[in-house]
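Visitor: build the 3D model from these lines:
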Amino acid sequence: MSEKNLFCYLMVAPALFLTLILGVYPMIDTMIISFQDYDLLTLQSGGVNWVGIDNYSKILADERFVQTIWQTVWMTVLAILFSVSAGLLLAQIINVNFKGRGILRTVVLSPWFVPPVTASAIWIWLLNTNASPINQVLMDWGLIDSNIRFLADSTTWGPFNIPMLSVVAVRSWNGLPIIIIFLLAGLQSIPKSLYEAADMDGAGMFQKFYHVTLPMLRPVLMILLALLFLGGFGHFEMNYVMTGGGPRNLTNVLAVWTYQEGFQFLRYGKAAAASGIILLMTITISIFYLWVESKDNRK
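Guide: Below is the predicted model of the structure:
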């Protein structure tokens, strides 16, 4: 081994060690626990027993857990749809030179500087049924006759409800800055000659967006969507702080359900099994992304 290679290995060794200790080992240990009857309430009397896939069978037979899986998927898809659509629009606006662009960039990227827990606390006040300034503005404009219960209304329309959409809106707002940065970097890498050629061909704004911008942004969008789905399936902070999964489990997601099962009910085996479901979902997204990328590379 050359001295150069040895130096490189030594430089990455601390990061690799931390990843193994703080990431890989807990993940493997959690997967082992998911196949055990690991209940702290009965641990001293019954001990830890190997139960195979029994924990997975029990949670998948739980209607509340199945509901939580679907809500995790729906909330992730909606948050990505809203935030990426808004990000595409805002990134193109910010990419244009105009007076006041720096101020607009600061405003648009401001959610990045607010920790998710702090942002959740602020939005809890903004969405409070009786003290919401949003309700007050809507009533002043004559758009509503009574206060909207943004985080407490249990009325449902199929898989959707007001608390779910409220949390999705906050998650979209919080994730917008990183999306804009990704897309802005992609936009600035597109050669201007392509737009000039499109202008010469008489292409309009939407035609240039569809035939030039989107195809050139595809690699960035693929990476961004993969990261957003991976983060969305494991999202915890805002759902937990804003609603705790309520009302009636209508805003619960897998990460919150896992936390509740493990740290409130002390059923570590079932909580670990739920973590296994999250891991399976993220692995599926990763495999799909790698398959799409390898397919594109073969063209």
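Visitor: what residue ranges in the protein score low on pLDDT?
Guide: Low-confidence segments of the chain (pLDDT under 70): 1-2, 44, 46, 298-299.
Visitor: centroid residue for it?
Guide: Nearest to the mean C-alpha position of the chain, by CA atoms, centre = their mean, lies residue 232 at 2.3 Å.
Visitor: leaving out chain neighbours, which residue sits closest to it?
Guide: Nearest residue to residue 232 in three dimensions, chain neighbours excluded: residue 76, at 3.3 Å (CB to CB, 6 or more residues apart in numbering). No exception for glycine: its C-beta is placed from N, CA and C like everyone else's.
Visitor: show me what contacts that neighbour?
Guide: Residue 76 makes contact with 228-229, 232-233, 235, according to CB atoms under 8 Å, 6 or more residues apart in numbering.
Visitor: adding secondary structure and distance to residue 211, write these out as JSON lines.
Guide: Below are the contacts of residue 76 laid out as JSON lines (DSSP: H, G, I helix; E, B strand; the rest coil; distance: CB to CB, whole Å):
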{"residue": "228", "secondary structure": "helix", "distance to residue 211": "25"}
{"residue": "229", "secondary structure": "helix", "distance to residue 211": "26"}
{"residue": "232", "secondary structure": "helix", "distance to residue 211": "30"}
{"residue": "233", "secondary structure": "helix", "distance to residue 211": "33"}
{"residue": "235", "secondary structure": "coil", "distance to residue 211": "34"}
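Visitor: if any of those are buried, give me the PyMOL selection for them.
Guide: Burial among the contacts of residue 76 is assessed by 16 or more other CB atoms under 10 Å; the matching PyMOL selection reads:
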select buried, resi 228+229+232+233+235
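Visitor: follow-up on the earlier one: quick one: the residue nearest to the centre of the chain and residue 82 touch, right?
Guide: No: contact status for residue 232 versus residue 82: not in contact, 11.8 Å apart, counting by CB atoms under 8 Å.
Visitor: any chance you could map the helices in the stretch 101-250 of the chain?
Guide: For the stretch 101-250 of the chain, the helices defined by DSSP state H, counting those that start in this stretch occupy 101-109, 116-126, 133-140, 162-188, 192-200, 205-208, 214-233, 237-242.
Visitor: how about the longest helix along the chain: buried residues?
Guide: For the chain, the longest helix by residue count, based on DSSP state H, is helix 63-94. Judged by neighbour count using 16+ other CB under 10 Å, the buried positions of helix 63-94 are 65, 67-69, 71-76, 78-80, 82-84, 86-88, 90-92, 94.
Visitor: please identify which of the helices of the stretch 101-250 of the chain is closest to residue 24.
Guide: Among the helices of the stretch 101-250 of the chain, helix 214-233 comes nearest to residue 24, with 16.4 Å by CB to CB.
Visitor: tilt between the closest one and helix 162-188?
Guide: Angle, helix 214-233 to helix 162-188, by axes from the mean of the first three to the mean of the last three CA atoms, to 10 degrees: 140 degrees.
Visitor: that concludes my questions; thank you for your assistance.
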